[in-house]
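> 3D model of this:
(one chain, ligands or ions: 1)
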Amino acid sequence: MTKIIRRKTRVIRIGNIFIGGGNPIAIQSMTKTKTADIEKTIRQIKELESIGCEIVRLAVKDSRDAKALRIIKRRVSVPLVSDIHFDWRLALEAIDNGVDKIRLNPGNIYKKDQIREIVKAAKLNRIPIRVGVNSGSLRKFQIPNSKFQTPQIMVKSALDYIRVLEKSGFYDIVVSLKASNIFDTIEAYRRMTRFCDYPFHLGVTATGSPYSGVIKSAAALSILLFEGIGDTIRISLTDKPQAEVRAAKSILETMGLRSFCPEIISCPTCGRCEVDLIKVVKELESSLSRYPVIPLSRLTGKQANRQTGKPIKVAVMGCIVNGPGEAREADLGVAFGRKEGLLFKKGKAIKRVSLNRCVDTLLRELENSSACYPVSLLASSTGKQANRQTVKQ
Ligand code: SF4
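Take a look at the predicted model:
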């Protein structure tokens, strides 16, 4: 099996999790509520956390937002990042109110004395700064021209900023270089690997509709991830933030970099299929997605590494042409005939299963398959959570 060699980066702490240095790639999203609307924002953060979001960013556009952070921080456990633009003093307020990381945009907070003030506060509070370059907010003189293309300018913008931070003795830095064009995004991140060992937060910006956003992000980020680039990830979508988390998890799972859930292998169906396979697969997928994911912050060392292991494979196949073959190769599988299916476990046919009982049977088999569940994870989790941990030992 192809193994991705991760880029060597320094370890950075964000609240109660660590990124870089080979730690699992952390999933990030952003709240879409007004941060000053404390109750709504807390509700959204908790929802995000329950589905596996590991870092949450919040827009801080004024002092009310910055002040709200103090209360929000007290009531959630996931690390919080403040997104600051234009007004450097908001960064100071956010830090003062206990945020775990600051994102600064070199395109709109660039005065050296202001950056130094933020660095002083970040150092004092031991929080990192993300240098978040965005192709849509480059400074006027940085507009691409015949001599310098967008990726080059983005990298230069990040490096100039990093130099100011480093000159102040600050090295808790994360970098992002997001463009709406996937080739610029890929090229910018690749280019940046030559100049530093700071962890990268990956993303493509302004991706369009949710459907095209997922495709664009997957197209760009899978290339970077395959090259070992990336320490945190956000899939920006014009959709609910929950959709961003699901997409990020799927991309990481597809690339074999994290494993949260069994991987479903199912055929596209065709005229040979005698059952409603689409319904069965949807039902199975939705049942599996309902189980809470234990956050990275609650997994320690080896446990977190296990989340980077191979997923359990569950095959659901429509007929006997490829069905038994695929089902046999998966850890668990069912190949359908006319009204019932044949259940396979580790390559062996074990019993017949009716269409109606198929999803329940697969779920029960997953739960009972003790080899699938790492003991230490079981020990750190409770009830159903524990039962649904699905990373192979
Ligand atoms: Fe068609 Fe059978 Fe192949 Fe599914 S496994 S696509 S039903 S031939």
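> mind listing the strands for the stretch 201-350 of the chain?
Counting by DSSP state E, counting those that start in this stretch, the stretch 201-350 of the chain forms strands over residues 201-202, 232-233, 263-266, 313-317, 332-336, 340-345, 348-354, given from the N-terminal end onward.
> contacting residues around the residue lying farthest from the centre of the chain?
Distance from the C-alpha centroid of the chain peaks at residue 338, with 40.0 Å (C-alpha atoms, centre = their mean). When the contact criterion is C-beta atoms under 8 Å, 6 or more residues apart in numbering, the partners of residue 338 are residue 274. For glycine as for every other residue, the C-beta is placed from the backbone atoms N, C-alpha and C.
> how about 10 Å then?
Applying C-beta atoms under 10 Å, 6 or more residues apart in numbering, we find residue 338 in contact with 274-275, 319, 355.
> ok so, going back, so which of the strands of the stretch 201-350 of the chain is the most surrounded?
Neighbour counts (mean count of other C-beta atoms under 10 Å) averaged over each of the strands of the stretch 201-350 of the chain peak at strand 232-233, with a mean of 28.
> now stretch 196-203: mean pLDDT?
Regarding stretch 196-203, the rounded mean pLDDT is 98.
> And that stretch, end to end?
As for stretch 196-203, its first-to-last residue distance stands at 18 Å under the measure C-alpha to C-alpha, to the nearest Å.
> let's number from 8 now, not from 1
Will do, 8 is the new start, and the previous item becomes stretch 203-210.
> related to what we said a few turns ago, which ChimeraX command selects the buried ones in the contacts of residue 345?
Restricted to buried positions by 16 or more other C-beta atoms under 10 Å, the ChimeraX selection for these reads:
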select :282,326,362
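> Keep the contacts of residue 345, but drop any that are not near the ligand.
The overlap between the contacts of residue 345 and the neighbourhood of the ligand (criterion: C-beta under 6 Å from any ligand atom) consists of residue 326.
> Quick one, which of the contacts of residue 345 has the minimum pLDDT?
Minimum pLDDT for those is recorded at residue 326 (87).
> quick one: contacts for that residue?
Contacts of residue 326 were listed using C-beta under 10 Å, 6+ apart, and they are 274, 276-282, 284, 342-345, 348.
> Close to the ligand: what parts of the stretch 158-307 of the chain are there?
That would be 274-277, 279-280, which are the residues of the stretch 158-307 of the chain within reach of the ligand (C-beta under 6 Å from any ligand atom).
> how far away is residue 97 from the ligand?
Taken as C-beta to the nearest ligand atom, to the nearest Å, the spacing of residue 97 relative to the ligand amounts to 55 Å.
> Residue 222 too?
Computed with C-beta to the nearest ligand atom, the distance linking residue 222 and the ligand is 23 Å.
> cool, residue 104 as well?
Separation of residue 104 from the ligand (C-beta to the nearest ligand atom): 55 Å.
> tell me the SS of residue 88?
Following DSSP: H, G, I helix; E, B strand; the rest coil, we place residue 88 in the strand state.
> Distance-wise, check it relative to the ligand.
According to C-beta to the nearest ligand atom, residue 88 stands 44 Å off from the ligand.
> Looking at strand pairing, list the partners for the nearest residue to residue 67 once chain neighbours are set aside.
Nearest non-adjacent residue to residue 67, counting by C-beta to C-beta, 6 or more residues apart in numbering: residue 89, 4.6 Å away. For residue 89, the residues forming beta bridges with it (DSSP bridges) are residue 65, residue 109.
> do you know how far residue 89 is from the ligand?
Residue 89 sits at a distance of 49 Å from the ligand (criterion: C-beta to the nearest ligand atom).
> list the contacts for that residue?
Contact analysis of residue 89 by C-beta under 10 Å, 6+ apart lists 42, 64-67, 72-73, 76, 97-98, 100-102, 104, 106-111, 134.
> What about the residues you listed, which are in strands?
Of those, the ones assigned to strands by DSSP state E are 64-66, 108-111.
> Which members of those additionally contact the ligand?
If you filter the ones in strands among the contacts of residue 89 for contact with the ligand, counting by C-beta under 6 Å from any ligand atom, you are left with nothing.
> Which entries within those residues meet the buried criterion?
Neighbour-count burial within those applies to 64-66, 108-111; the criterion is 16+ other C-beta under 10 Å.
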